[in-house]
Structures are given as C-alpha cells and as structure tokens.
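A.B. asks: sequence-free structure coming up:
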Ligand SMILES: C=C1C[C@]23C[C@H]1CC[C@H]2[C@]1(C)CCC[C@@](C)(C(=O)O)[C@H]1[C@@H]3C(=O)O
Ligand SMILES: O=C(O)CCC(=O)C(=O)O
Ligand SMILES: [Fe+2]
C-alpha cells in the first residue's frame with residue numbers, strides 16, 4: 001500500500017476552544033494519516049496527553065462485570081428474570097457496565113462486522129475521505145478529530161453512520177438507511193459492506209430493545225416502558241479503528257468520557273484496551289468474543305433520574321496491533337422528551353436533570369462541549385442558560 005502522508009502543518013495552541021481549533025484547521029489544514037504515523041516514534045504534540053491522563057503501563061485489574069443471559073431473560077423464565085434484573089441493577093447503580101451473552105446475534109455476522117472494517121480503513125486516505133465527516137455533523141469518516149479539537153487528540157480513525165428501524169413513510173417498506181449510506185457515499189464496491197452493516201445494526205436495535213426490557217424491570221417501571229420509548233430509535237453506529245502506536249504510554253485511542261447517548265452495545269476484538277474508571281481506579285474489561293459490552297450513557301442516566309450511572313471509560317492503544325471496536329449507540333427518536341418516569345421521582349429523589357431531547361444533547365457535544373465525566377451537568381446548566389435567554 002503506497003504510504004501517503006500529509007504532515008502536520010501546525011501545532012495549535014492546546015488551550016484553544018472548538019472555534020479556535022476550527023479556525024486553525026481552516027487556516028492550516030492538519031491531516032492525520034494513520035498508515036504513516038503508526039510507525040513513528042516522534043509523536044506529534046497534539047496526541048500527547050497530560051501526565052495526569054496518560055495511560056499507566058502496569059497491567060490493570062479486571063473489572064468484575066456481570067454476564068447477563070439475555071435470551072434466558074427474554075424467554076420469560078421467572079428465576080432468570082429475577083437474577084438478571086438483580087445483576088443488572090447492581091452493576092448499573094455502581095458503574096453502568098455489564099456483559100450480555102446468549103444474545104442471539106449470529107457469530108458470523110459479528111466476525112464479518114470486524115473483518116469488513118479493514119475493507120474501509122485499509123484504503124488510502126484519499127479514498128476514506130470520500131466519506132469525510134463534515135464540521136458539526138456526527139456521521140462520516142473522521143481521522144482523529146483534528147478539525148474539532150486542538151489537543152489531546154484520540155489515536156484513532158472512525159466511521160460513523162445513522163441507523164433507524166423506521167419504515168419509509170411513503171412506501172411502508174423498511175428503509176435500508178445503512179445500506180443506502182454505504183452505496184451513496186462509497187459506491188457500488190461497498191454494497192456488500194453496506195448490506196452487512198445494515199444487518200448488524202438491525203441485530204443491535206433488536207438486542208437494545210431486549211436490554212431496555214431488562215432495564216425497565218430492574219428499575220421497577222415494567223418491561224414495556226423503555227422498550228416503547230426506544231421502539232423508533234434514531235441511533236448511531238460507529239466503527240473505531242485504532243492504529244498501532246509506537247508510544248502507547250503517551251497517547252489514548254479514545255480519551256476519558258461518558259457516552260452522551262442512551263445505551264452503548266460494544267463489541268471489541270481480541271486485542272484489548274477498553275478501560276473503565278471505578279472508585280478512582282482504571283479497570284480493564286477484557287475481550288470476550290461471545291459477549292457484547294453494554295454500558296449506560298448520559299441520556300439513560302437522565303431517564304433513570306440519576307439512579308443508574310453513566311461511567312467514565314477510555315481506550316488505550318499498543319505498539320504491535322491495530323485494535324477495532326464496533327459501537328452501537330442507541331438514541332431515542334428526535335421528538336422524544338427525555339424525562340424520568342414518575343415512579344423514579346419523589347421527595348427523596350427529586351429531578352436531577354431538566355427535560356431535553358437527544359438532538360439538544362448531541363448538538364451540545366458536537367458544537368459546545370467535549371464529552372467528559374461532567375457532560376450532563378454542564379449540559380443542564382447550558383439548557384438553563386438557553387431558557388433564560390428567551
Ligand atoms: C454522540 C456521540 C458523540 C461521540 C460518539 C457518540 C457517542 C460517544 C461520543 C464520544 C466517543 C465521546 C468521547 C469523545 C468523542 C469526540 C470521541 O472520542 O469520539 C465522542 C464522539 C463524537 O463526538 O464524535
Ligand atoms: O473502543 C472502545 O473500546 C471504546 C470506544 C468508546 O468508548 C466509544 O466509541 O464511545
Ligand atoms: Fe464510549
């Protein structure tokens with residue numbers, strides 16, 4: 001593969017805000033070509049994280065997360081329901097992470113979803129840029145977010161696209177929004193890839209609704225409440241491609257953050273690198289091909305009135321191997337108002353967050369605030385300020 005590299009043209013001031021970063025980007029285009037940089041020991045300063053956020057080189061203790069047999073739960077066995085509901089409740093009160101097994105997603109589909117990532121990410125940069133993510137949008141190809149941030153850049157490339165189970169209003173047939181995205185953006189050569197990710201997203205959406213039944217039961221609001229809330233979801237599928245890095249002690253594949261979304265269903269390959277912050281310590285969640293890693297996002301924390309936790313997590317990289325992860329981000333339809341069911345609000349548990357819609361929180365994370373551990377609090381203040389302006 002011809003190595004094509006467009007070098008860094010500027011080292012923007014790390015303290016610059018979004019706007020400054022974009023000005024910098026417009027004036028001094030900065031492009032990150034993983035195929036070149038993954039062999040370099042001299043790491044550009046924008047990718048070097050502050051000492052207090054650098055990954056530690058020691059082997060981390062594994063986070064003990066419960067393994068939930070979701071088909072057993074969905075089959076309605078009362079014993080399985082009780083046990084699954086208890087395990088999920090305990091995990092979500094503490095850190096919001098659990099593993100789902102016996103999930104019913106075809107193992108070959110999962111393998112194909114990993115393998116076909118290479119069809120896209122191993123292309124020359126110019127080919128990948130056909131799907132280039134546009135400023136202010138959250139879908140498309142992004143190489144390490146150079147246009148959005150001016151420092152603490154993640155060592156990764158991503159391809160994100162929308163998924164919705166909605167039927168075409170006019171035709172009544174289910175629209176293949178993912179398949180259409182790949183064909184329209186990348187051409188007929190990617191039809192097979194689009195068909196596969198369409199099928200993968202449909203499987204993720206089905207699994208998400210089963211998990212929403214479990215979360216509803218564990219919160220005492222019944223199986224249907226959250227299932228119905230997310231029936232017509234407008235979700236995001238993200239392919240994370242983490243190139244090898246010669247200085248994995250200085251960089252991060254994905255920086256510490258809480259997912260702003262409702263629920264994340266993640267499948268990581270066998271390389272390992274996902275870490276979760278619990279009780280002030282980073283813990284690893286090790287690869288398990290048969291399991292999906294599921295975590296609560298900020299939006300579901302608001303729906304649960306803060307009872308379930310959206311937790312800080314990050315991804316580290318390594319010298320030898322590229323790492324890949326598939327993240328399905330469940331998001332409610334744009335018109336849905338995010339507010340907890342009345343069973344979760346009382347005098348001991350007053351409302352923690354204002355009413356909002358997912359597009360409001362998404363815009364906040366795309367244009368005003370880099371997702372971290374305080375996104376929901378910062379967003380709540382932003383919403384109050386917006387209200388006081390009108
Ligand atoms: C709505 C989203 C924004 C991000 C992708 C999805 C859910 C997770 C968000 C993100 C991964 C949190 C860390 C920072 C971020 C910029 C990233 O590293 O990719 C976030 C995503 C994004 O804004 O593109
Ligand atoms: O790649 C991983 O293991 C985590 C990625 C992640 O947290 C994200 O994309 O939100
Ligand atoms: Fe995440």
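C.D. replies: The structure has been received and is ready for your questions. Nothing here was measured: the structure is a model prediction, and the numbers come from that model. Ligands and ions are numbered 1, 2, ... in the order given.
A.B. asks: ranges for the helices of the stretch 1-150 of the chain?
C.D. replies: Counting by DSSP state H, counting those that start in this stretch, the stretch 1-150 of the chain has helices at residues 18-27, 34-37, 70-74, 78-94, 107-121, 125-128.
A.B. asks: only the buried residues of the fourth one, if you could.
C.D. replies: For helix 78-94, the buried set under the neighbour-count rule, 16 or more other CB atoms under 10 Å, comprises 80-81, 83-85, 87-89, 91-92. Quick note: C-beta positions are derived from backbone N, CA and C, even for glycine.
A.B. asks: tell me the one of those residues nearest ligand 1?
C.D. replies: Relative to ligand 1, the closest of these is residue 92; by CB to the nearest ligand atom it sits at 18.0 Å.
A.B. asks: list the contacts of the closest one.
C.D. replies: Neighbouring residues of residue 92 by CB atoms under 8 Å, 6 or more residues apart in numbering: 98, 215, 218, 296, 304, 307-309.
A.B. asks: out of the helices of the stretch 1-150 of the chain, flag the one nearest residue 371.
C.D. replies: Of all these, helix 18-27 sits nearest to residue 371, with 12.5 Å by CB to CB.
A.B. asks: sheet-wise, list the partners of whichever strand or helix holds residue 238 with their directions.
C.D. replies: Under the criterion DSSP states H and E, the helix or strand holding residue 238 is strand 235-242. Sheet pairing here is set by DSSP bridges, and for strand 235-242 it gives strand 157-163 (antiparallel), strand 323-330 (antiparallel).
A.B. asks: ok, the following helix or strand past it near ligand 1 or not?
C.D. replies: Using DSSP H and E, the helix or strand that follows strand 235-242 in sequence is strand 254-257. Yes: interface with ligand 1: strand 254-257 contributes 254, 257 (CB under 6 Å from any ligand atom).
A.B. asks: next SSE after strand 254-257?
C.D. replies: With elements assigned by DSSP H and E, the helix or strand that comes after strand 254-257 is strand 263-268.
A.B. asks: show me the contact partners of the next helix or strand after that following strand.
C.D. replies: Sequence order places strand 274-278 as the next helix or strand after strand 263-268, per DSSP H and E. Residues outside strand 274-278 that contact it (CB under 8 Å, 6+ apart): 55, 60, 63, 94-95, 97, 256, 266, 268, 282-285, 293, 311-316, 325, 373.
A.B. asks: of these, buried ones?
C.D. replies: Listed as buried from these are 55, 60, 63, 95, 97, 256, 266, 268, 282-285, 293, 311-316, 325; burial here means 16+ other CB under 10 Å.
A.B. asks: kindly calculate the angle that the longest helix anywhere in the chain makes with strand 323-330.
C.D. replies: If you go by DSSP state H, the chain has its longest helix at helix 191-218. Here helix 191-218 runs at an angle of 60 degrees relative to strand 323-330 (axes from the mean of the first three to the mean of the last three CA atoms, to 10 degrees).
A.B. asks: the helices of the stretch 1-150 of the chain: lowest mean pLDDT?
C.D. replies: Ranked by mean pLDDT, the helices of the stretch 1-150 of the chain bottom out at helix 18-27, with a mean of 57.
A.B. asks: quick check: the residue in the stretch 51-200 of the chain that ligand 1 sits nearest to vs residue 136, distance?
C.D. replies: Nearest residue of the stretch 51-200 of the chain to ligand 1: residue 154, at 4.9 Å (CB to the nearest ligand atom). Residue 154 sits 19 Å away from residue 136, going by CB to CB, to the nearest Å.
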